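>>> I would like the atomic coordinates for the input below:
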Amino acid sequence: MSEVRVGLVIEDDQDIRELVRVVLSQAGFDVHTASTGSAGVLSARELNPDVITLDLGLPDIDGFEVARQIRKSSDAYIIMLTARAEELDTLMGLEAGGDDYLTKPFRPRELRARVEAMMRRPRASSDTRSAPDEADPEMAHNGLSVSAGSRTAVLKGKELKLTRTEFDLLLALLETGRIVRTKADLARRLRNEPYDVGSYVSDADERAVEVHMGNLRKKLGDSIQAPRWLETVRGVGYRLAPPVQSN
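Alright, predicted model coming up:
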């Protein structure tokens, strides 16, 4: 019997809150709701949800701060819901810890499709973290060790606190090495699609990849000018930086 998936809807508008609750329920989630940011943060800590939809325009705490607080204790996928279409708001939401976003009004079918694509990606569990499988070899590059099975990334003996999206992007580059992956390639990877499937990738999806890569680079302490792990190929995409030669 499969484990019940938990969804959390943080939304102050009652009509939208009910719409999202129905969409997630139909997708098989045990759905909980919160109408304020503070209640949402508390629920995220107590419920350990798999997916959170988060309104940016909450009455007590703005959605950016809610996302930052949730990220201190949760690796849930966070989908930002915003009535504001400005790119700055979108980028701030992703930088605060969001994985994806939708602009209101949105189609319920699109929300469900994005949630289901996220849930096809693996999630670390406490069991895999405490007892790594011997058949799960670590990938190492320039002092960084990454385990796909336990979904951990360790640098200088310290585990990095990566979001699931950041980890998936890092894993994608480690797997393909010096092969350049375009932003569209990586956006498809986040949807759990093959790189060459040819499905449509919007400018907003590519921009989201840029933001997530920037966040990942900050957490690694990497340099754009002299990269140790993430190399930007200007006008094309990203690839793993060359190995550092030891003396």
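>>> Relative to residue 34, how far out is the residue nearest the centre of the chain?
Geometric centre of the chain, nearest residue: residue 165, 2.9 Å, by CA atoms, centre = their mean. Distance of residue 165 to residue 34, given as CB to CB, to the nearest Å: 23 Å. The way it works is simple: take the backbone N, C-alpha and C, and place the C-beta from them, glycine included.
>>> and what of residue 223?
For residue 223, the distance to residue 34 equals 40 Å [CB to CB].
>>> Could you check which of those two has the larger neighbour count?
More crowded of residue 223 and residue 34, by other CB atoms under 10 Å: residue 34, with 24 against 12.
>>> any idea how far that one is from residue 95?
Residue 34 is 23 Å from residue 95, by CB to CB.
>>> before we move on, what about residue 208?
11 Å.
>>> Look at those two and report which has more neighbours.
residue 208 (24 against 16).
>>> Helix, strand, or coil at that one?
The three-state label given to residue 208 by DSSP: H, G, I helix; E, B strand; the rest coil is helix.
>>> If we ignore the residues flanking it in sequence, what's nearest residue 231?
residue 241 (4.4 Å; CB to CB, 6 or more residues apart in numbering).
>>> try residue 184
residue 201 (4.1 Å).
>>> burial measure for the one you found, as a count.
Neighbours of residue 201 using other CB under 10 Å come to 18.
>>> Give me the three-state assignment for residue 167.
helix.
>>> Report the separation between it and residue 23.
Residue 167 is 26 Å from residue 23, by CB to CB.
>>> before we move on, what about residue 141?
From residue 141 to residue 23 the distance is 40 Å (CB to CB).
>>> Mind checking which of these two has more residues around it?
Neighbours per residue, other CB under 10 Å: of residue 141 and residue 23, the larger number sits with residue 23, 22 against 18.
>>> if we can go back for a sec, the residue nearest to residue 231 - how many residues pack around it?
With other CB under 10 Å as criterion, residue 241 counts 19.
>>> Quick one, grab the pLDDT at it.
Looking at residue 241, its pLDDT reads 95.
>>> Check residue 1 too.
40.
>>> go on, residue 6?
97.
>>> The helix or strand residue 18 falls within: how far from the chain's middle?
Element membership for residue 18, per DSSP states H and E: helix 14-26. Remark: helix 14-26 is offset 22 Å from the chain centroid, using CA atoms, centre = their mean, to the nearest Å.
>>> what's that helix packed up against?
Counting contacts by 3 or more CB pairs under 8 Å, 6 or more residues apart in numbering; DSSP states H and E, helix 14-26 packs against strand 5-10, strand 29-34, strand 51-55, helix 108-119.
>>> Between these, which one is closest to residue 90.
strand 51-55 (13.0 Å; CB to CB).
>>> Good, we can wrap up now.
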